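Enquirer: this one's structure only:
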């Protein structure tokens, strides 16, 4: 006798101080991440900055004093705005009061939730676009999502919750997990699974992840040639074919990057190595084969080979900024 088991689809929205991320998880014993999306440069600190900028302008208009170049005053104002932002999650209006903010003059003002939402409307809309994009990458319609789990301190903002509920056609948000502790809980469960500790349920858990950002190398013009696209299931092996771009080029550097921008200067630099022993030849004659191997632990090995001679070199990247020593390094 066979029994059909339905798999629930979860949309996770992680909105932390420094980033906004969304991912879709198809859950059973095996947790299959279908897609990851977001913006590592969008988070709660962006809201704080707009509040601070607004207060600076109000203070300048009221007191005729510009505090933007005074580090101490700006830090005090930033701390006060962070507190006000948290307070506005539970109250429609909150005071911001700082004694002797600058040259002995106090700052006293009131900040409303409506003003906060007005200032950050662009960021809020951007968040919803990222959620929509993530669903598209995972080939999942929003009506097929069973639960929307919100994680991270900024998901407490009423406007963010309202927009998410409206986007998912009124579906209630899952708030049973502590927004501040969820990531820590998940890390602890995964650590227990990897180290063989914990109960049987933890040991049966399997996480099938995807690459959160594209991986590739820099080519002529400073552009990034993607070898492993974003949201590729891991582990994975991808191969790219390249040619020399300069006549009689005998040494070619390979610079590895992570990101979604076409220009490598806007992406994350991971490491570099050189391929030597290329036979002198006109541009485009010598063919180079580049292989990216990404394992289940996120460890990336990048190798390059001269097709005509078999000369090789490689680098292993454990994580951003932590590199193995290239084989030709002396």
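Expert: Sure, I can see it. Worth saying up front: this structure is predicted, and the values here are computed from it rather than measured.
Enquirer: CA only for contacts and neighbour counts going forward, please
Expert: Fine.
Enquirer: and the strands in the stretch 1-150 of the chain?
Expert: 8-15, 20-27, 30-39, 93-102, 105-112, 147-151 (DSSP state E, counting those that start in this stretch).
Enquirer: what's the shortest one packed up against?
Expert: Just to be clear, that refers to strand 147-151. For strand 147-151, the elements it packs on are strand 8-15, strand 173-174, judged by 3 or more C-alpha pairs under 8 Å, 6 or more residues apart in numbering; DSSP states H and E.
Enquirer: tell me, which of the strands of the stretch 1-150 of the chain is the model least confident about?
Expert: Lowest mean pLDDT of the strands of the stretch 1-150 of the chain: strand 20-27, a mean of 50.
Enquirer: quick one, what contacts the closest residue to residue 249 other than its chain neighbours?
Expert: Leaving aside its chain neighbours, residue 249 sits nearest to residue 280 (5.9 Å; criterion: C-alpha to C-alpha, 6 or more residues apart in numbering). Residues near residue 280 by C-alpha atoms under 8 Å, 6 or more residues apart in numbering: 247, 248, 249, 250.
Enquirer: out of those residues, who's the most crowded?
Expert: Counting neighbours by other C-alpha atoms under 10 Å, residue 249 leads the contacts of residue 280 with 17 neighbours.
Enquirer: phi and psi next, for it.
Expert: phi -80, psi 110 (degrees, to the nearest 10).
Enquirer: over to the one 5 residues further on?
Expert: Its backbone dihedrals place residue 254 at phi -120, psi 110, with angles given as degrees, to the nearest 10.
Enquirer: let me see the contact set for it.
Expert: Counting by C-alpha under 8 Å, 6+ apart, residue 254 has contacts 217, 218, 272, 273, 274, 275.
Enquirer: and if you look at residue 231?
Expert: Contacts for residue 231 were tallied using C-alpha under 8 Å, 6+ apart; they are 34, 35, 36, 137, 210, 211, 212, 213, 214.
Enquirer: okay if I get those as TSV plus neighbour count?
Expert: Formatted as TSV, the contacts of residue 231 follow (neighbours: other C-alpha atoms under 10 Å):
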residue	neighbour count
34	23
35	26
36	26
137	17
210	22
211	20
212	19
213	20
214	20
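Enquirer: would you turn those residues into CSV with distance to residue 89?
Expert: Putting these into CSV (distance: C-alpha to C-alpha, whole Å) gives the following:
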residue, distance to residue 89
34, 31
35, 30
36, 27
137, 31
210, 33
211, 33
212, 30
213, 32
214, 35
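Enquirer: biggest separation within those, which pair?
Expert: Distance extremes for these: the farthest pair is 34 and 214 at 15.1 Å, using C-alpha to C-alpha.
Enquirer: tell me which residues of stretch 246-262 are tucked away?
Expert: Within stretch 246-262, the residues scored as buried using 16 or more other C-alpha atoms under 10 Å are 249, 252, 254, 255, 256, 257, 258, 259, 260.
Enquirer: among those, which ones are in strands?
Expert: 252, 254, 255, 256, 257, 258 (DSSP state E).
Enquirer: so which of those is the closest to residue 197?
Expert: Closest to residue 197, out of all of those and judged by C-alpha to C-alpha, is residue 258, at 33.0 Å.
Enquirer: list the contacts for that closest one?
Expert: With contact taken as C-alpha under 8 Å, 6+ apart, residue 258 is in contact with 213, 214, 215, 216, 267, 268, 269, 270.
Enquirer: cool, and residue 108?
Expert: For residue 108, the contacting residues are 95, 96, 97, 98, by C-alpha under 8 Å, 6+ apart.
Enquirer: kindly recompute the last result at 10 Å.
Expert: 55, 59, 95, 96, 97, 98, 99, 101 (C-alpha atoms under 10 Å, 6 or more residues apart in numbering).
Enquirer: need the residues you listed in TSV (columns: distance to residue 152 and neighbour count).
Expert: As requested, the contacts of residue 108 are exported to TSV (distance: C-alpha to C-alpha, whole Å; neighbours: other C-alpha atoms under 10 Å):
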residue	distance to residue 152	neighbour count
55	25	21
59	31	21
95	25	14
96	24	15
97	27	15
98	28	16
99	31	11
101	31	19
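Enquirer: before we move on, back to that, just name the closest of the contacts of residue 280 to residue 171, please.
Expert: Closest approach between those and residue 171, by C-alpha to C-alpha: residue 249, at 59.3 Å.
Enquirer: ok, so what distance separates residue 115 from residue 157?
Expert: Going from residue 115 to residue 157 by C-alpha to C-alpha, to the nearest Å gives 13 Å.
Enquirer: repeat that for residue 74.
Expert: Taking C-alpha to C-alpha, one finds residue 74 at 24 Å from residue 157.
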